[in-house]
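K.L.:
Sequence first, predicted model second:
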Amino acid sequence: MIRLSAALTTLVLAAAVLSPPTSAYAASSTTCTGTTHVTYSPGLTLTPQDVTGTETDTISSCTSTDTTITGITTSPTYSFDAPGASCNAVQVSPGGGGLVIHWNNGQTSTLTGLVGVLTATGGIVQNTATGTVTAGEFNGATAVITWIYALVNPLQCLMPGGLTTQDGTIVLQVTGA
């Protein structure tokens, strides 16, 4: 009887620790997906060099605890500098560390402090930038933007002019607040 009671107590305590409090359900959560297109100048090669990129993201599908959000109205387009970039090694923080998201409900969210981490595994290159919403809708929330591209075929980098464009997927997640 004592073993059963101790096991039951342990199970109840574990459930209490693992279960989020009911107030956690009130926190905001938004996940958006779309496509990304990047152009590089000069084109990426196997030799590191300073490159300027222009990125256009199209994010038309969002799921949110704010039911008025179903997408992002303007496709963010911005330029960035990528010093020492080469094929499969382009590391940038978007928008110089800040970005304004224009939601379809007329609200905006200013994301700042975005710091990217680049990984390449299993034929995929992923750049994940994490920051904070510092103004507008979801103020105080954490924002994570993930860009996913296929690993570049090195032969593309040997072509005259190098790799000049890349297409992939983008995922924007906002949680908290």
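P.N.:
Perfect, I can see it now.
K.L.:
Going by C-alpha atoms from here, please, whenever you check contacts or count neighbours.
P.N.:
Will do.
K.L.:
Any idea what the residue positioned nearest the centre of the chain is bridged to?
P.N.:
Per CA atoms, centre = their mean, the C-alpha nearest to the average position across the chain is that of residue 145, at 1.2 Å. Under DSSP bridges, the beta-bridge partners of residue 145 are residue 129, residue 172.
K.L.:
Find me the pLDDT at it, would you?
P.N.:
On pLDDT, residue 145 comes in at 92.
K.L.:
For it, list the residues it contacts.
P.N.:
By CA atoms under 8 Å, 6 or more residues apart in numbering, the residues touching residue 145 are 128, 129, 130, 170, 171, 172, 173.
K.L.:
which element is the closest residue to the fifth one other than its chain neighbours on?
P.N.:
Using CA to CA, 6 or more residues apart in numbering and skipping the chain neighbours, the partner closest in space to residue 171 is residue 33 (4.5 Å). Under the criterion DSSP states H and E, the helix or strand holding residue 33 is strand 28-44.
K.L.:
after that strand, next one along is what?
P.N.:
strand 49-64.
K.L.:
What are the contacting residues of that following strand?
P.N.:
By CA under 8 Å, 6+ apart, strand 49-64 touches 28-44, 69-86, 170.
K.L.:
Relative to that strand, what are the paired strands and their orientations?
P.N.:
strand 28-44 (antiparallel), strand 77-85 (antiparallel).
K.L.:
buried stuff in it?
P.N.:
51, 52, 53, 55, 56, 57, 58, 59, 60, 62, 63, 64 (16 or more other CA atoms under 10 Å).
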